[in-house]
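> give the three-dimensional model of this entry:
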Amino acid sequence: MNSSNKVTDFPGPMKKGAIVNDQVPPQRYNYGNGGGGNMDNKDFVTHKEFDNAMHNIDKHFDHIDTKFAEQTLGLYKAMVSVGLGVIAILGFLITLVTFLK
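Below is the predicted model:
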C-alpha cells in the first residue's frame, strides 16, 4: 500500500471483505465495546431521530388501517345489500308462483 496517497493497488478481482496486505478490513459495527465510535457518522441515528422515524411509519400504518377498515365496511354493506336484494327477488318469485297456481 502506498502511504503517500493512501491508494491500494489490487492485483485482480477481490471478494468483499477480503484481507489485503495483512490488513483486516474495518468492521461496519463496533461489537462489544459499548457503542463507541463517531456518532457524526450517517450510519448511526439518535433516539430522537429514531422515534421520529417510527412515528412517521406509525402514521402511515394508521392511514392504511383506516382505509382498510373503510373498505371492509363498504364490502359488508354491499354484501348485505345484495343479500337483501336476492331475498326480495326470491320472495317476489314465490309470491308470483303461488298466485299463478
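> contacts and neighbour counts: CA atoms only from here.
Will do.
> tell me where the model's unsure across this protein.
Low-confidence segments of the chain (pLDDT under 70): 1-43.
> show me the helices in it, by range?
Secondary structure of the chain (DSSP state H): helices at 47-100.
> give me the number of residues near F44?
If you count neighbours by other C-alpha atoms under 10 Å, F44 ends up with 13.
> also A78?
Counted with other C-alpha under 10 Å, the neighbours of A78 add up to 12.
> and it, how far from L96?
From A78 over to L96 the distance is 27 Å, taken as C-alpha to C-alpha, to the nearest Å.
> now K67
43 Å.
> likewise D51?
For D51 relative to L96 (C-alpha to C-alpha), the value is 67 Å.
> try I64
In this view, I64 and L96 are 48 Å apart by C-alpha to C-alpha.
> what does A69 give?
Separation of A69 from L96 (C-alpha to C-alpha) stands at 40 Å.
> and what of I57?
To L96, I57 is 58 Å away according to C-alpha to C-alpha.
> and F50, by the same measure?
Applying C-alpha to C-alpha to F50 and L96 gives a distance of 69 Å.
> repeat that for V80.
V80 is 24 Å from L96, by C-alpha to C-alpha.
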